[in-house]
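> Sequence and predicted structure are below.
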Amino acid sequence: MQRLTRKEMINAMETDDAGYDGRFWVGVLSTGIYCLPSCKAKLPLIKNVKFFFSREEAIAAGLRGCLRCRSAYFPDMRPQWLKIVFQHMKKNTTERIDERAVAELADVDITTVRRYFKTHYKTTPLAFHRKLRLARAKRLLETGADYLTAAYECGFESASGFRDAFEREFGTTPGRYQTVRK
């Protein structure tokens, strides 16, 4: 891969171009922070910027990762609270979860959780959890559980609600799914 020119790096930084993330880091000497080119923080003065081709170079220069763009965690940019939320969702596939309880568990505002799920998973936290519950129900059906057992063990309060959700998710009803599997 060819080396980037200073002009290219300045342009990438000024346009918040995520396509350059990981190809170089932006060191802001006046603040002691290094960022990704896509960082949404206020642009620094160019005279205070030094470009680095690795995170290690930036750290060796005495800079720390930006809290806004989470440059220290690139490429795993997921927030710390997400792991807690996923563990909670996976552990609780036998019942519906409450969004506010999830936000409280993650110690972030519910709008932050919703926004993250919408942006990165194109769904809401509750819909994401419903998919996990439906996947569990499908596994139960595959192991011989009957339709109602699968529905109630996965937190669905009515057979018709379970049937509708299952059909939307998998394109077939639970009954047809079991019949085809036999």
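That came through, no problem.

> only C-alpha atoms for contact and neighbour calcs from this point on.
Will do.

> Could you list every helix and strand in contact with the lengthiest helix in the chain?
Using DSSP state H, we find that the single longest helix of the chain is helix 125-142. Using 3 or more C-alpha pairs under 8 Å, 6 or more residues apart in numbering; DSSP states H and E as the contact test, the elements touching helix 125-142 are helix 80-91, helix 110-121, helix 147-153, helix 159-170, helix 174-181.

> So for L132, which of these sits nearest?
helix 80-91 (7.0 Å; C-alpha to C-alpha).

> mind listing what's buried in the closest one?
Neighbour-count burial for helix 80-91, counted by 16 or more other C-alpha atoms under 10 Å, picks out V85, H88, M89.

> In contact with the second one, which residues?
Shown here is H88, whose contacts under the criterion C-alpha atoms under 8 Å, 6 or more residues apart in numbering are V102.

> Tell me the pLDDT of it.
With respect to pLDDT, H88 scores 93.

> likewise the first one?
In the predicted model, V85 carries a pLDDT score of 93.

> Just list the residues touching it, thanks.
V102, L105, A106.

> Domain ranges for this structure, per the record?
6-73, 78-182 (automatic domain parsing).

> Check the offset of the helix or strand encompassing L105 from the chain's centre.
For L105, the host element (DSSP states H and E) is helix 99-106. Distance of helix 99-106 from the chain centroid (C-alpha atoms, centre = their mean, to the nearest Å) equals 16 Å.

> Not counting it itself, show me its contacts.
Against helix 99-106 from outside (C-alpha under 8 Å, 6+ apart): W81, L82, I84, V85, H88, D109, I110, V113, P125, L126.

> Now distance to L29 too, for those residues, in JSON lines please.
Putting these into JSON lines (distance: C-alpha to C-alpha, whole Å) gives the following:
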{"residue": "W81", "distance to L29": "30"}
{"residue": "L82", "distance to L29": "31"}
{"residue": "I84", "distance to L29": "34"}
{"residue": "V85", "distance to L29": "36"}
{"residue": "H88", "distance to L29": "40"}
{"residue": "D109", "distance to L29": "33"}
{"residue": "I110", "distance to L29": "35"}
{"residue": "V113", "distance to L29": "33"}
{"residue": "P125", "distance to L29": "39"}
{"residue": "L126", "distance to L29": "43"}
